[in-house]
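K.L.:
Next comes the sequence, and after it the predicted model I'd like to discuss.
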Amino acid sequence: MLGVCYYPEHWDEARWEADARRMADLGITYVRIGEFAWSRLEPARGQFTFGWLDRAMDVLHAAGLRIVLGTPTATPPKWLVDECPDILPYDEHGRVRGFGSRRHYTFSSRTWWRESARIVTALAERYGDHPGLAGWQTDNEYGCHDSTRSWGPEDLRAFRDWLRGRYQSADQLNEAWGSVFWSMEVASFDEVSLPVGTVTEPNPAQRMDFWRFHSDQIAAYDQMQCDILRAHSPGRWITHNFMGFVSDFDHFKVAENLDLASWDSYPIGFVEKFPFSEDERNRWAETSHPDIAPWHHDLYRGVGRGRFWVMEQQPGPVNWAAWNPVPKPGMVRLWTWEALAHGAEVVSYFRWRQAPFAQEQFHAGLNLAGQDELSPGGTEAADVARELAALPTLPASRPAPVAFVFDYSSYWATMIQPQGKDFRYEELVFRWYEAFRRLGLDVDVVSPGTALTGYKLVVVPTMVQVGDAARAALEMAGGAILIGPRAGSRDRHFAIPETLAPGPLAPLTGTRVTQVASLRPGLSQAVTGAVEGDVVRWRDHAEAVDAEVLARFEDGGAALTRKGRVHALMGWPEARLLDNVARHMAGATGLETLAVPPQIRLRRRGDWWFFFNYGPGDWALPRGFDCLLGDAVVPPQGLTIARRRA
Ligand code: GAL
């Protein structure tokens, strides 16, 4: 269940055999290679130098390792960029993002598609049936370094083509975008410009289409790579390594092409990336916040339709966050076990050996910089391997009782029209997830439209645009539903629905939103009734047309409503209100909860219960458990696996 990312091209060939042997001895099964090696595979057009990769694959295979081969399209080589500058992306200011790092291409370039197909075909033909090959990774981290969208001439051409397909005529486009506003009407698709460089904000429907267009492009580009790989490499699976807190494109859609999802887990790096308070950042600096990795495990289990890997696991300090502390002793082991608890099939560390040269010199590996000596993280990986070997096979994950519906386009919608500066979709979802996990509940994350019949509780922190499939799935859900603010507040063309928010959800919630307020930091509105606390950042002023009001604002307005099994919350709850709402929902649904302190989390896999301690002190398990790994007292940065006594 363990893997590692390896770059044979970074090391003298004389070291490969010993590296492979030491990986196998450590308990590693999978090794991912190749994803940045284009300049070494094809140093000049058509001159393929596969010899070194042939030998590397043979060495790894001979050591009993299973190989994951990455397609090298994240790093087009210099000769290609010089020959075909039209593959380069542009930033929002119309500046070319040039050669010299990675991800320097735009998904819009037809040349780029042709060149990608060429290198992927060459690799697939050469290695598609290599006996050591387990599967493929397409590209590397779509969207990384803000590379989803691009604002160049190729993008403009491709955007216009995409719009032609969507709207057929300029009239329909004008109608859909509401272009009559500010005289933005166009007479043909050739008059459409990119939503950038305008005096004030461009049309939001146009911007929404620009996000959709890029999201569709990534899915199509990935599909192109998958089709080639499948044709030449039958029987091998394909994945892509997605990222944490990147929602620029619809990952569910991209993953429809894939056999399994994978993601790159850098729990401590993400503490700087996520909008935590400074107090929280300090508190979790050396362990990470206990929901960061789990949220993504649950998300990517959903994206992968039940199957996911961690393709890159942080093994020590990273190099790319604002500050990069050393993880507390035990955390690399804890994160590994936690991923397995959430259903990961494999946890693969990034990287085998710290590179003493180039951009990532400060990034730890399982071995010290340039050395054949395990780092502290490497030692912990070896501990996990030993523990895994001593335990029986892990039981399969079961569906969780709670489903979170995650909607990428709600992220785009609220980025385009935040209305309140701090309305951040990812943050809303994360805080709600945190609240339910603090009740000891397991959570599945699903896409809008996924069947929800088996869940006791469905949570929709928001869903700005509600499509037919998403509405139908909610209508048919068997359990209780909790819907948050701003739901159904835009139609498919990004206009306010004719019936006002929550639009298509109104028959379910029995409510109608007449006004919305965003609240600046420091302002709040108190809620009393079945749940108590404050709303901050955002309030929906709603009428309970056909719903019971369970809690109200001070001015008498509805704060929490219920119609049958559907609850609607009319604002952004701060921690206490959120906690109360989560408890209220669990109570209303009859869910079995086990409230844990802020530093403890639990997760079940089959009948195994995993308890994780992110805090600085011991924590004692509740009574009634038999331990399989660890003890009834979980030490700091430790974990216990246990079974509940019948
Ligand atoms: C990932 C990337 C890797 C490496 C790593 C460093 O985003 O896929 O290639 O750069 O970060 O943490």
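P.N.:
Right, received. Where do you want to start?

K.L.:
Any idea which residue of the stretch 401-550 of the chain lies closest to the ligand?
P.N.:
Here the residue of the stretch 401-550 of the chain nearest the ligand is residue 426; by CB to the nearest ligand atom that distance is 17.4 Å. Backbone N, C-alpha and C define where each C-beta goes, glycine included.

K.L.:
Which secondary structure state does that residue sit in?
P.N.:
helix (DSSP: H, G, I helix; E, B strand; the rest coil).

K.L.:
Quick check, pLDDT for the residue nearest to residue 580 when sequence neighbours are not counted.
P.N.:
Leaving aside its sequence neighbours, residue 580 sits nearest to residue 531 (CB to CB, 6 or more residues apart in numbering; 4.2 Å). Residue 531 is assigned 98 on the pLDDT scale.

K.L.:
now residue 478
P.N.:
89.

K.L.:
give me the number of residues near it?
P.N.:
By the criterion of other CB atoms under 10 Å, residue 478 has 12 neighbours.

K.L.:
Now name the helix or strand holding it.
P.N.:
Assessed by DSSP states H and E, residue 478 sits outside every helix and strand.

K.L.:
residues in the chain within reach of the ligand, list them.
P.N.:
Residues of the chain lying near the ligand by CB under 6 Å from any ligand atom: 140, 141, 144, 264, 266, 312, 318, 320, 350, 360, 363.

K.L.:
Please identify which pair of the residues you listed lies farthest apart.
P.N.:
Across those, no pair lies farther apart than 140 and 318, at 15.9 Å, counting by CB to CB.

K.L.:
one step back: of the residues of the chain next to the ligand, which count as buried by neighbour count?
P.N.:
140, 141, 144, 264, 266, 312, 318, 350, 363 (16 or more other CB atoms under 10 Å).

K.L.:
Quick check: helices, which of these are part of them?
P.N.:
Applying DSSP state H to these, no entry is found in helices.

K.L.:
residues in contact with the residue in the stretch 201-350 of the chain that the ligand sits nearest to?
P.N.:
Closest approach between the stretch 201-350 of the chain and the ligand, counting by CB to the nearest ligand atom: residue 318, at 4.6 Å. Going by CB atoms under 8 Å, 6 or more residues apart in numbering, residue 318 touches 266, 268, 269, 324, 362, 363, 364.

K.L.:
Same check on residue 436?
P.N.:
Residue 436 neighbours (CB under 8 Å, 6+ apart): 402, 404, 443, 459, 582, 586.

K.L.:
which residues does the first one contact?
P.N.:
For residue 402, the set of contacting residues under the criterion of CB under 8 Å, 6+ apart consists of 436, 441, 442, 443, 444, 455, 456, 457, 458, 459, 591.

K.L.:
Spell out the secondary structure type for the second one.
P.N.:
The three-state assignment at residue 441 reads coil, by three-state DSSP.

K.L.:
Not counting residues beside it along the chain, what's closest to it?
P.N.:
Nearest one to residue 441, counting by CB to CB, 6+ apart, is residue 402 at 5.2 Å.

K.L.:
ok, now how distant is the one you found from residue 415?
P.N.:
According to CB to CB, to the nearest Å, residue 402 stands 26 Å off from residue 415.

K.L.:
gap between the residue of the stretch 401-550 of the chain closest to the ligand and residue 47?
P.N.:
44 Å.

K.L.:
Looking at these two, which one has more neighbours?
P.N.:
The neighbour count for residue 426 versus residue 47, taken as other CB under 10 Å, is higher for residue 426 (19 against 9).
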